[in-house]
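> okay, predicted coordinates and the sequence, questions at the end:
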Amino acid sequence: MRDETFTDPSRVATILGDSSRLRYVLTTAHGISVDTVTELRLDGDNTKIDVCVGDRMVRFKARGTQHVLATQPGGGMAMTLDPALAQAIYTLIDEHLR
């Protein structure tokens, strides 16, 4: 697989628009609106998504089909049981890194 970084606001909005679960987590847990995202990196080799807003970066890494290693709002990373988000990561990578 490969990885790609997207900086075009319309492309970032399109990619994030494909996953309601990722948008929900970004908005509710991290206070990040889709229109404030400056950079979005999809990494197919490591099954992760990095969302950048200015100098802040939030990472979501699928760990199988049930768990996600994610940046926590207070800092640090934690493993969470979130099958919907894990599947969303796989789907976004599959659809946008062809």
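On my side now, so go ahead.
> please work out how many residues are found near the nearest residue to G54 once chain neighbours are set aside.
Of all residues not flanking G54 in the chain, T38 sits nearest, at 6.4 Å (C-beta to C-beta, 6 or more residues apart in numbering). All C-beta atoms are positioned from the backbone trio N, CA, C, and that covers glycine. If you count neighbours by other C-beta atoms under 10 Å, T38 ends up with 13.
> distance-wise, check T38 relative to R2.
Note on T38: its distance to R2, by C-beta to C-beta, to the nearest Å, is 21 Å.
> quick one: L92 is in a helix?
Yes: according to DSSP: H, G, I helix; E, B strand; the rest coil, L92 belongs to a helix.
> residue contacts, it?
Neighbouring residues of L92 by C-beta atoms under 8 Å, 6 or more residues apart in numbering: 15, 18-19, 22, 42, 49.
> and those residues, which is closest to Q87?
Comparing the contacts of L92 against Q87 with C-beta to C-beta places S19 closest, at 9.2 Å.
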